[in-house]
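Engineer: What follows is a predicted structure for the sequence shown.
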There are 2 protein chains.
Amino acid sequence: MGKILRVNMTELTAKYEDVPEKYALLGGRALTSALVADEVPPDAHPLGENNKIVFAPGLLTGTNAPCSGRLSVGAKSPLTGTIKESNAGGITAQKLASLGIKAVVVEGRPPEDGLHLLVINEDGAELVPAGKFAGMGCYALTRGLWQEYGANSGIISIGPAGEMRMALAGVSTNDREGDPGRYAGRGGLGAVMGAKGLKAVLVRTDKTFDAPVKDPEKFAEAVRKLTKALAEHPVTNQALPAYGTAVLINILNEAGGLPTRNFSSGRFEGAAKVSGEAMAEAVAQRGGKGRTGHACHPGCVIRCSNIIPDAKGEVLCTPVEYESTWALGPNCGIDNLDHIAMLNRLCNDVGLDTIETGVTLGVLMEAGVLAFGDGEAAINLLDREARNGTPLGRILGGGSALAGKLFGLTRVPTVKDQGMPAYDPRAVKGMGVTYATSTMGADHTIGYSVTANILKVGGFVDPLQAEGQVDLSRNLQVATAAVDASGLCLFTAFALLDIDYALPSVVDMINAQYGTSLTVDDVFNYGKEILKTERAFNAAAGFTAAHDRLPEFMKLEKLPPHQVTFDVPNEELDTVFNF
Amino acid sequence: MGKILRVNMTELTAKYEDVPEKYALLGGRALTSALVADEVPPDAHPLGENNKIVFAPGLLTGTNAPCSGRLSVGAKSPLTGTIKESNAGGITAQKLASLGIKAVVVEGRPPEDGLHLLVINEDGAELVPAGKFAGMGCYALTRGLWQEYGANSGIISIGPAGEMRMALAGVSTNDREGDPGRYAGRGGLGAVMGAKGLKAVLVRTDKTFDAPVKDPEKFAEAVRKLTKALAEHPVTNQALPAYGTAVLINILNEAGGLPTRNFSSGRFEGAAKVSGEAMAEAVAQRGGKGRTGHACHPGCVIRCSNIIPDAKGEVLCTPVEYESTWALGPNCGIDNLDHIAMLNRLCNDVGLDTIETGVTLGVLMEAGVLAFGDGEAAINLLDREARNGTPLGRILGGGSALAGKLFGLTRVPTVKDQGMPAYDPRAVKGMGVTYATSTMGADHTIGYSVTANILKVGGFVDPLQAEGQVDLSRNLQVATAAVDASGLCLFTAFALLDIDYALPSVVDMINAQYGTSLTVDDVFNYGKEILKTERAFNAAAGFTAAHDRLPEFMKLEKLPPHQVTFDVPNEELDTVFNF
């Protein structure tokens, strides 16, 4: 039933342990959150010796379940001070699961500033000095590590931002082409990895689909069902492979919920120029290595990823997703797709969360440090200031909430010091409930009410009205916690919400793999338990209902074009976790 | 029974109101905290339209009670997010009280960036555009305002830091010589004033001792008693007038509790060079305008203030106090008195809290931004970077907690994001209890256990042991809240704690002035009520027991020379407000 790899950076040891019985059916976010809650004191300094960073593949990861290759990364967050889980695609989680590793737990603190690599081979694991790889951007790092350790390596790594312990540093994994950029971006987990003195984790194996399955026949039947559902749903069979996630740019712009110029408007006049449709057109026109319908890991049937080419057809950035496009584009008043792709590439290379970077850039533009729309100034800020840790680079690296404080602003779109993603909560109110009450600060994936608010997936709840948003967000937060434990990409949720046999097929897979007899209800209870674990950690760390709120300006300033404020009552917000 | 001046910066109006009955016996901190708790929503953004800043003289201010000229400034703090009161000497509070003004309440938010002066004349008040005074340092500002409005003006003002809404901006008042530097420094109240668009408040009157007293004879008798007590106590009759408050440098250094180089040691090898004794020697040698035994306002009989001269005998800085000397000296590894005095002058001019500035400099030195001991680099950082709001200046302006986050450090000596004053809580454990549990973040005056821990005033509690510190801090926090309401300088507390007739004489004064018949017990209950009001505001703003803690490193890192950690148990800390 697998093993846990425990890595102690104080002692520089890496040892395998048996998995305690209580963790046997936990994976992904369920396991990272349980380990952090069990082993990290809630008052630990996020960058200190008592915090731990945990890497865990999902329950289904390493099987041939479609879109099941997510890697969860968990720790106490230096950005929010809460418990944190962030997950990403890429090729590494499947390799870990195929080697029977349920989690890698990294603890302690290096006595000096020595930076190390954790090298996991099929027959063991060891820490080696990072040497020449110290200070490298993730592109050079990934290429260099492949050269030295083989191109079958899955690589979890940080860029200079993580080494400098910047609060918006993310954790990258690579795709099959060797590019970094599959980011567990949110919450500054890269800074925790940096504080542990860990530059990269390599998982050296060709194995990808080698996780054990108890009842292969039953499993195969369930896989067929889920694959069929994903092939039937219009979001996953048409929109995402054709245009990537940035298909949402025009949709949110139309809905008046696309945050523009630091959340001062819900509509951007340059939206069409940076939309998924515009990306697909650029790919078609420029050709070369550009493509849409790219898969971030083996076994993905949705293929929402893309490779955006430069004018010569060379790879400019992969992937350029909706959130990143919005953060580095409309939120900064930038309507130049090449600037956006270059900013995205720089985030991937320096090791910065694209969402937090874009929100912070928007705040700095509001402060007058650079002008809205000035893509070249933004590129310079990332490539020179942030990469080199200049004072302005450090300000960017602290994230949006700190930048807002440093410049004395009130229009600072954050919850629990984390910058808001690409949906203005005044015009997409279910997202406001999610941002406010999430266990991890303003986060979109954790209760993605855009489904019912905008896409009319899983029903419809009017995005401009307060009514119904709390129930919507609650149900999605519960279900998402379970999905984040499964290792399935959240984009399977479109089918899970709309197609009746899809969710049972996932439960069937888990039962077939683990020899259990869970029901759909059990899975919802499983999600609730994850949320309760996370909430308890946060409460012990000092979080109260007063922190489950949107920033004051969203109740005072009306958002064009709908001229709406956020008006879900506090008393309703406080019922989200009544279960 | 006086009046409240309500100033609305949205409407640009200034109107007098009657004092509600419930505020009749509130003054100073009791009144600022009551007004903030009653009128500011706990979730208000500190720099937004819903926060208010309140200026209030103490209950006894404007009488001839000795040392009774304190001005309280209150608001929700942009530094800590808590309710905040900070008080200072200077000449302005007595003028306000003599005009019958119990409080000035400034609310709203200017529609544009227009900066104003509030001019209070004997027959009314008005707002006028700040014009040429915008952007001025407090020295030029105070001189300019005296020239334009008369040298009988008491001036409450902010420097460029407050205009830029920096979280460590303080509020200055001037002394009789016209120098700024009597600072309500802590908690970023200058940023709140800046956010209101208020550059300065002028109180234009010669009146100083004109507050009404119901029973002048009984009052005079009580004044004689308190004056006698102050003249008898060795701290107030010898140490403070001769050496200033920096007499504590050698004492704390000897005790091993003088935080050195960002709280990495409790002893500084250069302490003697920057001690109160060294200052007195410099004053004696250089002569000119230098002096010790200087009074910050009329009626002060302690005269702990000083004027530190430069080599030519001209005024370099007034005053140079213990906390400032420590913050800008030992905490930064700086042992050059002229550098310290210049840094202090720059804080006074730019409008920066000296304590927060020094703690932040220490953190930036820890981060390697400048070197420990490099006074000239520190001067440059204040005079050029902070004054002009460069990125590095903004980092300094955000205070120590943010600087620590931006550079990813764990040794960051703050509570509730406020930097610790000049007593390492591992070696002066009563101060640790006060820092941890204060309603306003790490603060020394709010429960100054240095009395019993170090000075053996009011008994003795071993500073290195955990036992007894909670009781000590609790009693001092209660008594101090009452003192902060009275308008008396906290240095009267040495006599109040040690001389039996001193405290009753203060109660007699209040009874004689207001026609009440309070007892000593009533005064302690009065203090408790203030603390309860402040705690309730903070709880509603999201503060819990988890925030009443020292930073983790103080439990993990031993402080030389005594090799002690902070070990007062959390469960005991949580009993401080059990009354």
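Structural biologist: Here it is on my side, so go on.

Engineer: For the stretch 301-450 of chain A, what lies in contact range of chain B?
Structural biologist: Counting by Cβ under 8 Å from any Cβ of the partner chain, the residues of the stretch 301-450 of chain A lying close to chain B are A:369, A:390-392, A:394-395, A:397-398, A:402, A:405-410. (Each C-beta comes from the backbone N, C-alpha and C, glycine too.)

Engineer: Now do the residue of the stretch 401-550 of chain A found nearest chain B against A:G270, distance only.
Structural biologist: For the stretch 401-550 of chain A and chain B, the shortest gap (Cβ to the nearest Cβ) falls at A:G408, measuring 2.5 Å. Per Cβ to Cβ, to the nearest Å, A:G408 is found 29 Å from A:G270.

Engineer: more crowded one of those two?
Structural biologist: Set A:G408 next to A:G270 and count neighbours by other Cβ atoms under 10 Å in any protein chain shown: A:G408 wins out with 25 against 18.

Engineer: Quick check: closest non-adjacent residue to the more buried one.
Structural biologist: Residue nearest to A:G408 in three dimensions, not counting chain neighbours: B:R165, with 2.5 Å by Cβ to Cβ, 6 or more residues apart in numbering or on different chains.

Engineer: so where is chain A shaky, pLDDT-wise?
Structural biologist: The model of chain A has pLDDT under 70 over residues A:1.

Engineer: Return the residue of it that is most distant from the centre.
Structural biologist: Relative to the mean C-alpha coordinate of chain A, counting by Cα atoms, centre = their mean, the farthest residue is A:E217 (32.7 Å).

Engineer: what about that residue, distance to chain B?
Structural biologist: 51 Å (Cβ to the nearest Cβ, to the nearest Å).

Engineer: So A:A282 belongs to a helix, correct?
Structural biologist: Yes. Membership of A:A282 in a helix is supported by DSSP: H, G, I helix; E, B strand; the rest coil.

Engineer: My guess is it contacts A:L337. True?
Structural biologist: Yes. With contact defined as Cβ atoms under 8 Å, A:A282 and A:L337 form a contacting pair (6.3 Å).

Engineer: returning to that earlier point: contacts only, for the residue nearest to A:G408.
Structural biologist: Taking Cβ atoms under 8 Å, 6 or more residues apart in numbering or on different chains as the contact definition, B:R165 lies against A:F407, A:G408, B:L47, B:P78, B:A191, B:G194, B:A195.

Engineer: repeat for A:V213
Structural biologist: A:T63, A:F219, A:A512, A:Q513.

Engineer: got CSV for those, with secondary structure and neighbour count too?
Structural biologist: Below are the contacts of A:V213 laid out as CSV (DSSP: H, G, I helix; E, B strand; the rest coil; neighbours: other Cβ atoms under 10 Å in any protein chain shown):
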residue, secondary structure, neighbour count
A:T63, coil, 28
A:F219, helix, 21
A:A512, helix, 22
A:Q513, helix, 22
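
Engineer: tell me the two of the residues you listed that are most distant?
Structural biologist: A:T63 and A:A512 (9.3 Å; Cβ to Cβ).

Engineer: For the helix of greatest length in chain A, which helices and strands make contact with it?
Structural biologist: Across chain A, the longest stretch assigned as helix under DSSP state H is helix A:520-540. Secondary-structure packing of helix A:520-540 (3 or more Cβ pairs under 8 Å, 6 or more residues apart in numbering or on different chains; DSSP states H and E): helix A:28-39, strand A:83-88, helix A:469-486, helix A:502-514.

Engineer: Which stretch among those is buried most, on average?
Structural biologist: strand A:83-88 (a mean of 28; mean count of other Cβ atoms under 10 Å in any protein chain shown).

Engineer: Just list what the very next helix or strand once past that strand packs against, helices and strands only.
Structural biologist: With elements assigned by DSSP states H and E, the helix or strand that comes after strand A:83-88 is helix A:92-98. Packed against helix A:92-98 by the contact rule (3+ Cβ pairs under 8 Å, 6+ apart) you find strand A:53-57, strand A:71-76, strand A:153-157, strand A:198-204.

Engineer: Residues touching the first one, excluding its own?
Structural biologist: Defining contact as Cβ under 8 Å, 6+ apart, one finds that strand A:53-57 is touched by A:27-29, A:31-32, A:35-36, A:69-75, A:93-94, A:96-97, A:101-106, A:156, A:189, A:192-193, A:196, A:198, A:201, A:487.

Engineer: so what's A:N87 up against?
Structural biologist: With Cβ under 8 Å, 6+ apart, A:N87 has these contacts: A:G28, A:R29, A:G58, A:R70, A:L71, A:S72, A:V73, A:A184, A:D484.

Engineer: Could you point out which of the helices and strands packed on helix A:92-98 sits nearest B:A161?
Structural biologist: Closest among these, once you apply Cβ to Cβ, is strand A:71-76, at 32.8 Å.
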